[in-house]
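Trainee: Provided below are the primary sequence and the corresponding predicted coordinates.
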Amino acid sequence: MTEPPKSSEPVAGTPRVRFAPSPTGYLHVGGARTALFNWLFARHERGTFILRVEDTDVERNRPELVEGILDGLRWLGLDWDEGPCFQSQRLPSYRTAAEALVASGAAYLCYCPPEKYGGGDAAEEAGEVEEGKEEKDKKSAGPRRITRCRCRESQPSSSTQKPAIRFRVPLPGTTQFEDAVFGEREVANEEIEDFVLLRSPKTGSDVPLPTYQLAAVVDDIEMRITHVIRGADHLSNTPKQVLLYRALGATPPVFAHVPLILGADRTRLSKRHGATSVGSYADEGFLPEAFRNFLGLLGWSPGNDTEFLRSEEMIRRFSLVGVSRTNAVFDRAKLEWFNTQYLQKLPIEELLPHVQAQLTRAGLWQTEWAGAKSDWFARAIDLLRPRTRLLPDFSTWARAFFSDTFDYDPAACEKFWKDERLPALLG
RNA sequence: GGCGCUAUGGUGCAACGGUUAGCACGCGGCCCUUUCAAGGCCGAAAUGCGGGUUCGAUUCCCGCUAGCGCUACCA
């Protein structure tokens, strides 16, 4: 943690938000969009944008992927004010918090073997106690209720088994919170399971690992996060976290869940829908600002029909109020349109660096284009850009006109298209 | 299975009780152009279904359906 935990008071001064990716893959468009909204919110509110790496799952975690995620954010132009900090380096804090919860009675030791609960709906049998006395529905298949582990009531029988720590959901009762996008939310605690806070230690003598719920809340409290802006897939689990905040003596932040990004078949965006990592779009030759403009309008709108929003204006107009509650389909065709718009409308000085980088990448760059022939080059690119859709298109044109010995007269750029090689190339 | 969220053309958004339901992408046509783009103009295309509430529902309420999410010692 870069700063000491000042207080657990909410939203006092400037907003503090965070983007907390897990290094289990590359930065995908969904994560990038979440990061973008956090960033836009922070910049609009003149708040603080923090980066936190949630790497507590030792099995799926790929440390070498962190840098790639940061690169993706940098490419998008999303700069952070604090971090990145790593949860894997804060393990003691989570253990301390979990033990404190056990001490206060808000949590309990669970000696059940992990396999008992693992695998989703696999283990329903073994000794759990039915919630609210098994109401025997005459109906053949009665509704399955939340089951509580026996350990919740029994005394910490000193088993040889290393225990996990579960949250003791207060019963009865109801938990409510305010979501800036989905509105007032309220759920009956009977429907919340006694989720695990600290996993049972693996064979070794490692420090016990926290689960997402615990780590996220402990960190958000300590980092004094005021607004949690994240994917809607976390909406259903938010009550658990609200309960945790209270048990930890803290006030929950404002939540803002943003809708998910889907593939063309309306299922969650995944590899089989094509490129899903922002890095692949960078490689394909999309301009970061165009990509950002496109992403920003996926699940958010400034309130009217405006579509071409450069960074400054997007920051100026961004508001959680404009965030949609409907999942959106990632439309590559529209993304490409945005890119051609930027290739077309960007002031030539802003476009040139991207073109230079592209030509350099393709091994076509000639230093004189930035020196003696810079004016000619700028003019040529300006003439070329109406017919480009992606950055590599400049390489294609360059290979045809700029490379070999042919020496163009800077004053004759208008005759560029009259060149006899042009018809041949296009024909 | 349980719980929850969502529902405007193919796609992304607008209209937040009264509009001929608007914009954009994509699609089709035309214009411009010696070619390809870009640009301009025109066009086809939507309020999921059924009940209410109301003088009046895209908009508010209920049901249905569909999609998605959660229901892990993943995040």
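Mentor: That came through, no problem.
Trainee: hey, let's count contacts and neighbours off CA atoms from now on
Mentor: Noted.
Trainee: any part of the helix or strand encompassing residue A:221 near RNA strand B?
Mentor: Secondary structure assignment for residue A:221, by DSSP states H and E: helix A:212-222. Yes - Helix A:212-222 comes into contact with RNA strand B (Cα under 7 Å from any atom of the strand), by way of A:212, A:213.
Trainee: just the C-alpha atoms of stretch A:274-293, please, in PDB.
Mentor: The C-alpha coordinates for stretch A:274-293 follow below in PDB (Å, rounded to 0.1, in the frame of the first residue of the first chain):
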ATOM      1  CA  GLY A 274     -12.000 -13.200 -32.600                       C
ATOM      2  CA  ALA A 275      -9.500 -10.800 -31.100                       C
ATOM      3  CA  THR A 276     -10.400 -10.000 -27.600                       C
ATOM      4  CA  SER A 277      -7.200  -8.500 -26.300                       C
ATOM      5  CA  VAL A 278      -6.500  -4.800 -26.700                       C
ATOM      6  CA  GLY A 279      -3.000  -5.700 -27.700                       C
ATOM      7  CA  SER A 280      -4.200  -7.400 -30.800                       C
ATOM      8  CA  TYR A 281      -6.000  -4.300 -31.900                       C
ATOM      9  CA  ALA A 282      -2.900  -2.200 -31.200                       C
ATOM     10  CA  ASP A 283      -1.000  -4.700 -33.400                       C
ATOM     11  CA  GLU A 284      -3.600  -4.500 -36.200                       C
ATOM     12  CA  GLY A 285      -3.000  -0.800 -36.400                       C
ATOM     13  CA  PHE A 286      -5.900   0.800 -34.700                       C
ATOM     14  CA  LEU A 287      -5.300   4.300 -33.300                       C
ATOM     15  CA  PRO A 288      -5.600   4.200 -29.500                       C
ATOM     16  CA  GLU A 289      -7.900   7.200 -29.400                       C
ATOM     17  CA  ALA A 290     -10.200   5.700 -32.000                       C
ATOM     18  CA  PHE A 291     -10.300   2.500 -30.000                       C
ATOM     19  CA  ARG A 292     -11.000   4.500 -26.800                       C
ATOM     20  CA  ASN A 293     -13.800   6.500 -28.500                       C
END
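Trainee: got a list of contacts for that stretch?
Mentor: Contacts with stretch A:274-293, where a contact means Cα atoms under 8 Å, 6 or more residues apart in numbering, come from A:26-29, A:32, A:36, A:72, A:75-77, A:269-270, A:308-311, A:335-336, A:338-339, A:341-343, A:354, A:358, A:390-392.
Trainee: mind listing which of those residues are in strands?
Mentor: Secondary structure from DSSP state E places none of those in strands.
Trainee: just checking, what packs against the helix ranked longest in chain A?
Mentor: When chain A is parsed with DSSP state H, its longest helix is helix A:29-45. Helix A:29-45 is packed against strand A:16-19, strand A:48-53, strand A:227-231, helix A:288-296, helix A:311-317, with contacts defined by 3 or more Cα pairs under 8 Å, 6 or more residues apart in numbering; DSSP states H and E.
Trainee: what's the most buried one of those?
Mentor: strand A:16-19 (a mean of 26; mean count of other Cα atoms under 10 Å).
Trainee: quick one: that strand to chain centroid distance?
Mentor: Centre-to-centre, strand A:16-19 and its host chain are 11 Å apart (Cα atoms, centre = their mean, to the nearest Å).
Trainee: show me what that strand is packed up against.
Mentor: Applying 3+ Cα pairs under 8 Å, 6+ apart, one finds that strand A:16-19 contacts helix A:29-45, strand A:48-53, strand A:227-231.
Trainee: would you confirm that residue A:43 contacts residue A:313?
Mentor: No - using Cα atoms under 8 Å, residue A:43 makes no contact with residue A:313, being 11.3 Å away.
Trainee: re the thing from before, now distance to residue A:85 and mean pLDDT too, for the helices and strands packed on helix A:29-45, in CSV please.
Mentor: Output for the helices and strands packed on helix A:29-45, formatted as CSV (distance: least, Cα to Cα, whole Å; pLDDT from 0 to 100):
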stretch, distance to residue A:85, mean pLDDT
strand A:16-19, 11, 98
strand A:48-53, 5, 98
strand A:227-231, 17, 98
helix A:288-296, 25, 98
helix A:311-317, 25, 97
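Trainee: just the helices from the stretch 301-427 of chain A, written as ranges.
Mentor: Under the criterion DSSP state H, counting those that start in this stretch, the stretch 301-427 of chain A carries helices at the ranges A:311-317, A:332-345, A:348-361, A:374-384, A:392-401, A:421-426.
Trainee: quick revisit: quick one, which of the contacts of stretch A:274-293 are buried?
Mentor: Buried residues within the contacts of stretch A:274-293, counting neighbours by 16 or more other Cα atoms under 10 Å: A:26-29, A:32, A:36, A:72, A:75-76, A:269-270, A:309, A:311, A:335-336, A:338-339, A:341-343, A:354, A:358, A:390-392.
Trainee: quick one: is stretch A:378-386 near RNA strand B?
Mentor: Yes - using Cα under 7 Å from any atom of the strand, stretch A:378-386 reaches RNA strand B at residue A:386.
Trainee: buried residues in that stretch?
Mentor: Within stretch A:378-386, the residues that qualify as buried by neighbour count (16+ other Cα under 10 Å) are A:378, A:379, A:380, A:381, A:382, A:384, A:385.
Trainee: closest to residue A:62 among those residues?
Mentor: In terms of Cα to Cα, no member of the buried residues of stretch A:378-386 lies closer to residue A:62 than residue A:385, at 39.8 Å.
Trainee: contacting residues for residue A:196?
Mentor: By Cα under 8 Å, 6+ apart, the contact set of residue A:196 is A:164, A:165, A:166, A:167, A:211.
Trainee: hang on, I meant residue A:48
Mentor: Residue A:48 makes contacts with A:14, A:15, A:16, A:17, A:42, A:80, A:81, A:82, as judged by Cα under 8 Å, 6+ apart.
Trainee: rerun that using 7 Å as the cut-off
Mentor: Shown in contact with residue A:48 (Cα atoms under 7 Å, 6 or more residues apart in numbering): A:15, A:16, A:17, A:42, A:81.
Trainee: for the last one, what are its contacts?
Mentor: For residue A:81, the residues meeting the contact criterion (Cα under 7 Å, 6+ apart) are A:48, A:49, A:50.
Trainee: looking at those, spot the one nearest RNA strand B.
Mentor: Closest to RNA strand B out of the contacts of residue A:81 is residue A:50 (14.8 Å), distances taken as Cα to the nearest atom of the strand.
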